[in-house]
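Colleague: predicted model and sequence below, questions to follow.
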Amino acid sequence: MDRPLRALRPIDPDEAAQLAECFALDYLSWDETLPSRRSEALRHYLPGHVDSTLGWSGSGRQRADFAAAGETVREGHWLSVDVRVRVTPYERLDEEASAEVPSELPAGARCSSAPAPEAPGWRSGPSVWMRLAIPIRRHDSGELVVDLAPISDTDYDEAEVDL
């Protein structure tokens, strides 16, 4: 298979950190009243046909609003980025939780999975910090992707990847 020249470039740690922060925010945000929003957001980070419900049961509401990338570890053809994320869980107040009405996006924008900070039927709880190690590699197209597939059990234990 012919690959574009950019698919052979080494991964820039700053570019990987930016992707990892954005992924972490979308990965840790969800809203059961509009589950397709999270699936759509995660599809932009994942290669091929990876299950975009990854890590979520399909119920509840949670909003990640801040991410900070830290150390980046190179392991062969991928990087693992340590990301800390501030997350706010929500508690359902009644059975009548309503879905957000999607608005038209500005040109060039795409949806985030983060729900609005306030919604009828939900109350926010205290925010917490979570930590993820996010594996990034260069796709055959040349784009960076979050890729859980290349990490074997041995690599997982050695690299302490905990996504």
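Modeller: Here it is on my side, so go on.

Colleague: pLDDT score for the residue nearest to the spatial centre of the chain?
Modeller: For the chain, residue 23 is the residue whose C-alpha lies nearest the centre (C-alpha atoms, centre = their mean; 2.7 Å). pLDDT recorded at residue 23 is 97.

Colleague: what's across from residue 73 in the sheet?
Modeller: Beta-bridge partners of residue 73, counted by DSSP bridges, are residue 80.

Colleague: right, and it touches residue 134 too?
Modeller: No. Residue 73 is beyond contact range of residue 134, at 11.0 Å (criterion: C-beta atoms under 8 Å). For every residue, glycine as well, the C-beta is placed using N, CA and C.

Colleague: give me the more crowded residue out of the two.
Modeller: Set residue 73 next to residue 134 and count neighbours by other C-beta atoms under 10 Å: residue 134 wins out with 27 against 15.

Colleague: what packs against the longest helix along the chain?
Modeller: With DSSP state H setting the assignment, residue counts place helix 13-27 as the longest helix in the chain. On a contact count with 3 or more C-beta pairs under 8 Å, 6 or more residues apart in numbering; DSSP states H and E, helix 13-27 meets helix 35-43, strand 61-75, strand 78-92, strand 128-138, strand 144-146.

Colleague: so which of the ones you listed is the most packed in?
Modeller: Of all those, strand 144-146 has the most neighbours on average by mean count of other C-beta atoms under 10 Å, namely a mean of 23.

Colleague: mind listing what that one pairs with, with the direction of each?
Modeller: Strand 144-146 has these strand partners (DSSP bridges): strand 128-138 (antiparallel).

Colleague: rewinding a little: just give me how far the longest helix of the chain sits from the chain centre.
Modeller: Distance of helix 13-27 from the chain centroid (C-alpha atoms, centre = their mean, to the nearest Å) equals 7 Å.

Colleague: can you list the weak-confidence ranges in this protein?
Modeller: For the chain, the stretches with pLDDT under 70 are 1-4, 7, 49-50, 52, 95-103, 105, 149-163.
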